[in-house]
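Chemist: Next input, structure requested:
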Amino acid sequence: MAILVNEATRVLVQGITGREGRARAKLMREYGTTVVAGCTPGRGGESIDGVPVYDTVLEAAEAQGGLDASVIFVPAPLVKDAALEAIAARIPLTVLVGDRVPVWDVLEISRAAERAGVRFLGPNTLGCLSVGKGVLGMIGGRADSARAWFAPGRVGVASRSGGMTSSTGYYLSRAGVGLSTLVHVGGDGIIGLPLPDVARLFEADSETDCVAMFGEIGGSQEERVAEMMASGELTKPVVAFIGGRAATSGVRFSHAGAIVEGGRGTHEGKVAALREVGAVVVETFDALPAAVVRVLEGRR
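Modeler: Residues are numbered from 1 along each chain as shown. Take a look at the predicted model:
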């Protein structure tokens, strides 16, 4: 199972003829992802490393007999049009890798996705990786690195930081903890699949027993995960680290969405909310792997 991507997911890469799109399509294919088509307007009929390129998403979908996911590698000003094209084609999941996407564009993408009944991950995301099955985006950097860094298992990783998504997976694997899927939800203030939505997917996944979460100050994603635990919607154990303890009000912590404003989204509030409902929240990131090991041992 795993979530969002597996070996059967049929993937389109929008912007595959660009440097980034071509490099990341190579990563995805070499890791085992089924990349069936690319799309760049005006480049239809070409082939990139054996992958056929189409002028439009609809042409690609019709030619390939349907698509399960699209990963977008285009400059920020072009992300909205690319995403709306994928949504109009009813592709179930679109991954918006680009950062600095205008917030009004993201709002329009969100409304279109909701109306179409489809989902999007990001923007400003490294994507997701189901260990040994497939990757959407750029987690791992190269296929051989991704294979070496992430061991297969039954712990899901959900993170608001791209770099810490990989670091969490790496250090958990080094501690002997295998992983099901790693998901970077994205660092912006408005995103398609925030931590609660990813937690909901892990809850339904028969191959995930525990969720390791890297949270940050700002917003309410972590508090909403706590609410899910309190209501019984999320029953699997959660082990979390919340970054940004030293940040003061009005100071952004690394990402656009990681900022404390008016006393909301504080480190203390997030830690208290999670601990109150039974989540294990560690004081330092280094303590996360050992805490996950203890939680897993307690379930045996």
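
Chemist: Which residue, other than its chain neighbours, is closest to residue 100?
Modeler: residue 76 (4.4 Å; CB to CB, 6 or more residues apart in numbering). C-beta: built from backbone N, CA, C; applies to glycine.

Chemist: for the one you found, what are its contacts?
Modeler: Taking CB atoms under 8 Å, 6 or more residues apart in numbering, we find residue 76 in contact with 98-102.

Chemist: and with 10 Å instead?
Modeler: With contact taken as CB atoms under 10 Å, 6 or more residues apart in numbering, residue 76 is in contact with 96, 98-102, 105, 123-124.

Chemist: Could you report the pLDDT at it?
Modeler: Each residue has a pLDDT score; the one for residue 76 is 97.

Chemist: Tell me the spacing between it and residue 110.
Modeler: Using CB to CB, to the nearest Å, one obtains 16 Å as the distance from residue 76 to residue 110.

Chemist: next one: residue 235
Modeler: Taken as CB to CB, the span from residue 235 to residue 110 is 28 Å.

Chemist: if you count what's nearby, which of those two comes out ahead?
Modeler: More neighbours surround residue 110 than the other of residue 235 and residue 110, with 16 against 8 (other CB atoms under 10 Å).

Chemist: Name the secondary structure element that contains the more buried one.
Modeler: Here residue 110, judged by DSSP states H and E, is contained in helix 103-116.

Chemist: And the next helix or strand after that helix, what's buried?
Modeler: In the C-terminal direction, the helix or strand that comes right after helix 103-116 (DSSP H and E) is strand 119-121. With burial defined by 16 or more other CB atoms under 10 Å, the residues of strand 119-121 counted as buried are 119-121.

Chemist: Residue 170: which of the residues you listed is nearest?
Modeler: Comparing these against residue 170 with CB to CB picks out residue 121 as the nearest, at 20.8 Å.

Chemist: Specify the beta-bridge partners of the closest one.
Modeler: Beta-bridge partners recorded for residue 121 (DSSP bridges): residue 95.

Chemist: can you tell me how far it sits from residue 178?
Modeler: 23 Å.

Chemist: do residue 238 as well
Modeler: Taking CB to CB, one finds residue 238 at 18 Å from residue 178.

Chemist: and these two? which has more neighbours close in?
Modeler: The neighbour comparison of residue 238 against residue 178 (other CB under 10 Å) goes to residue 238, with 26 against 15.

Chemist: Neighbours of the closest residue to the more buried one other than its chain neighbours, how many?
Modeler: In space, not counting the residues next to it along the chain, residue 238 is nearest to residue 279; the distance is 4.2 Å by CB to CB, 6+ apart. Neighbour count of residue 279, defined by other CB under 10 Å: 21.

Chemist: so residue 279 makes contact with residue 195?
Modeler: No. Between residue 279 and residue 195 there is no contact under CB atoms under 10 Å: 11.9 Å.

Chemist: Mutual contacts of those two, please.
Modeler: With contacts taken as CB under 10 Å, 6+ apart, the residues that reach both residue 279 and residue 195 are 211, 213, 222, 225, 238, 240.

Chemist: And the furthest pair within those residues?
Modeler: Pairwise distances among these were taken by CB to CB; the largest, 11.8 Å, belongs to 211 and 222.

Chemist: Which residues are in contact with each of those two?
Modeler: Jointly contacting residue 211 and residue 222 under the rule CB under 10 Å, 6+ apart are 195, 238, 240, 279.

Chemist: Let me see the contact set for the third one.
Modeler: Just to be clear, that refers to residue 240. Contact analysis of residue 240 by CB under 10 Å, 6+ apart lists 158, 195, 211-215, 222, 225-226, 270-271, 274-275, 279-282, 288, 291.

Chemist: switch the cut-off to 7 Å
Modeler: For residue 240, the contacting residues are 213, 215, 274, 279, 281, by CB atoms under 7 Å, 6 or more residues apart in numbering.

Chemist: Equivalent analysis for the last one, please.
Modeler: For residue 279, the contact set (CB under 7 Å, 6+ apart) comprises 226, 229, 238, 240.

Chemist: any idea how far residue 213 is from it?
Modeler: Counting by CB to CB, the gap between residue 279 and residue 213 amounts to 8 Å.
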